[in-house]
Each structure stands twice: as C-alpha cells, then as structure tokens.
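>>> give me a 3D structure for the following:
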Amino acid sequence: MTATVRPSFPALLRLALLADAAASAATGLLLALGGGWLRDLLGLPEPLMHYAGLSLLPFAALVGFAATRREPLRPVIWAIVVYNALWAIDSLVLLGAGMVSPTWLGTAFVIVQALAVGGLAALQCTGLKQAV
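Now for the predicted structure:
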C-alpha cells in the first residue's frame, strides 16, 4: 500500500486545494497587512487578525505546493483537511465563547469564512476519498 494519491487524482481535490491556497493567501495578506484598518470595521483585535493572517501564509504555500504535485502524499492532504476543520471550529468557538466583541460585520466575516473553510475541508475530504 502506498501513501500517495493516484497520479491522476480527482479534479475536485486539485480544484479544492487550489481554491484553498488562493483564498488562504488572500485572506492571510488582508489580515496580516490590514489588521489596523479592519480593527474598527470588524471589531476584532488587531493582534488576532495580524497573527492569524501570518499563520495563513505558510499554510497557503503548503496547500499550493500540494495542489501542484503529481502525487501528493495522503498525510499532507489529511493535515490540510484537519487544519481547515480546526480553523472553522475555532472561528465559531471564538464567537460563541465571547472571546471577542465583533461588530455585526465582524461576526458575519468570522461566520462566512468559517463556513467557507469548512466547505473546503469537506470538498478536500470528498476528493481524497474519490482518489482511493
């Protein structure tokens, strides 16, 4: 048994990984560089946005790398799925636990990005299962 996905892994998986890489890079740059501007608009702490954004940049690079491989390793893709799932859950916990006091726009931003990230994790998981 090999730890790689078949060389022609499903288009769904590649597309979900590429979308994830692009969205993570864009969101990472926005949060890392625009935290000061977004602070008042979203009501989220600037350090939280800054460091969350910085954490997304190497993640985006890893996901982009995995998406462009001929035979990506299953453990790498599963790690991406788990990271995305945890990001989505943590985002909702952040709101539900009252750890921040966002504006209505900030609440919507956190919920929408959590749903998008959770959706990408589900697509990646489905695509990975199709590769079996």
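>>> just the helices from this protein, written as ranges.
In the chain, the segments counted as helices under DSSP state H are 11-42, 46-67, 74-96, 104-130.
>>> tell me the buried residues in the second one?
So that's helix 46-67. Burial within helix 46-67, assessed by neighbour count using 16 or more other C-beta atoms under 10 Å, is assigned to 46, 49-50, 52-53, 55-57, 59-60, 62-64, 66-67. (C-beta placed from N, C-alpha, C; glycine too.)
>>> circling back to that earlier point, would CSV of the helices of the chain with mean pLDDT be doable?
Compiled in CSV, the helices of the chain are given as follows (pLDDT from 0 to 100):
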stretch, mean pLDDT
helix 11-42, 95
helix 46-67, 97
helix 74-96, 96
helix 104-130, 95
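>>> separation between G106 and A114?
G106 sits at a distance of 12 Å from A114 (criterion: C-beta to C-beta, to the nearest Å).
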